[in-house]
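1. Fold the following, please.
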Amino acid sequence: MTELLILNGVSVRFGGLLAVDDVSLSVDQGELLGFIGPNGAGKTTLMRAITGIVIPQQGTIQLDGRILNNLSVHQRVHAGLGLAQQIVAPFKSMTLAENVALAVASAKIRSPIKAMMLHDRSQELKRARELLAKVGLGDISDDSPSSLPLGFLKRLELARALALAPKLLLLDEPLAGLNQTEANAMADTIKSINETGQTIVLIEHNLREVTRICPRLYVQDNGRKLADGPTVDVMQDRAVLDAYLGVGNHADA
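-> The predicted model follows:
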């Protein structure tokens, strides 16, 4: 397999706090990796280091052969990095299709402001409706996001991230706030998108769905890698059970 994302010895400090401690990780092209860990494990910090929101004090981050360390967030997006954020903030004055079309146009002309000024957006709207159908929102593409429940907004955020045609898609807790039925359906959508060849790193607390759809897990605790490997093996690891689930000490009971 071809390694798409490579992190080598990444560390992030905030004052005296070592939030990410010498982390090395690789993600193969076409993989669906589940990234889990307890609260305070440094998952969000590592994700922000990948996207460029925070800058590591040491280590390198490489995407498809290109070192990202000195690139801005905007430059990393155009290098092939996509992010669907946990907190969804669409333009409520636009329809779902218009929201996604804006992202499609931004990917082409590299300026959100210029993208909003396009007079003819027919091709962008066509692509937007295709992506909305892909995430299960095709029938309501002309609706306003202001009238939609959280589960639909999470799918809209996923479509907007896909509109950038990313080489690597980071999903930041896309199941957060959803009931189990909604989470199960959203997880199935993520899996189906991965099956088209899209490389995905899924950062998520819903262990039930992560272990169901992700063939491989990366577990972080206290800023360090705790385990990394096939899901079945990782979920039988005593250190993971102890740190993440708090049941390791009772495994023999």
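
2. give the contact list for L168.
-> By CB atoms under 8 Å, 6 or more residues apart in numbering, the contact list for L168 reads L4, L5, V27, L63, G80, L81, G82, T199, I200, V201. In this view, the C-beta of every residue, glycine as well, is placed from N, C-alpha and C.

3. Leaving out chain neighbours, which residue sits closest to the fifth one?
-> Of all residues not flanking G80 in the chain, K167 sits nearest, at 3.3 Å (CB to CB, 6 or more residues apart in numbering).

4. Q62 is in contact with that neighbour, correct?
-> No: checked against CB atoms under 8 Å, the pair K167 and Q62 is beyond contact range at 11.9 Å.

5. rewinding a little: what does the pLDDT read for the residue nearest to G80?
-> pLDDT, K167: 97.

6. mind checking the SS state of V23?
-> V23 carries the three-state label strand when classified by DSSP: H, G, I helix; E, B strand; the rest coil.

7. quick check, G229 in a helix?
-> No: applying three-state DSSP, one finds G229 to be strand, outside a helix.

8. What is the neighbour count of it?
-> 13 (other CB atoms under 10 Å).

9. Could you list the domains of the chain?
-> As assigned by automatic domain parsing, the chain contains the domains 1-80+167-253, 89-165.

10. Let me see the contact set for C214.
-> If you count contacts by CB under 8 Å, 6+ apart, C214 has them with L32, L33, G34, L202, T231.

11. What are the phi and psi values at it?
-> Main-chain torsions, C214, degrees, to the nearest 10: phi -100, psi 120.

12. mind checking how far it is from P230?
-> Taking CB to CB, to the nearest Å as the measure, C214 falls 10 Å from P230.

13. And for V27?
-> 15 Å.

14. and if you look at Q57?
-> In terms of CB to CB, Q57 sits 32 Å off from P230.

15. How about K134?
-> In terms of CB to CB, K134 sits 28 Å off from P230.

16. Look at the two and report which has more neighbours.
-> More neighbours surround K134 than the other of K134 and P230, with 17 against 12 (other CB under 10 Å).

17. The more buried one: what's it in contact with?
-> By CB under 8 Å, 6+ apart, the neighbours of K134 are A159, L162, I193.

18. Roughly how far does it sit from L226?
-> In terms of CB to CB, K134 sits 34 Å off from L226.

19. which phi and psi does the residue lying closest to N99 once chain neighbours are set aside have?
-> Closest residue to N99 apart from its sequence neighbours, by CB to CB, 6+ apart: P90 at 4.8 Å. The phi/psi pair for P90 (degrees, to the nearest 10) reads phi -80, psi 170.

20. ok, now which ones touch P90?
-> L96, N99, P145, L153, L156, E157, R160.

21. The first one contacts P145, doesn't it?
-> Yes: with contact defined as CB under 8 Å, L96 counts as touching P145 (6.1 Å).

22. higher neighbour count, those two?
-> Neighbour tally, L96 and P145, criterion other CB under 10 Å: the higher count belongs to L96, 28 against 21.

23. now V135, nearest residue through space, not along the chain?
-> Counting by CB to CB, 6+ apart, R155 is the residue found nearest to V135 once chain neighbours are left out, at 4.3 Å.

24. The one you found belongs to a strand?
-> No: with three-state DSSP as the criterion, R155 is helix rather than part of a strand.

25. Around it, count how many other residues there are.
-> Using other CB under 10 Å, R155 is surrounded by 24 other residues.

26. what's the answer for the one 4 residues further on, then?
-> Neighbouring residues of A159 were enumerated by other CB under 10 Å; the total is 26.

27. All set now, cheers.
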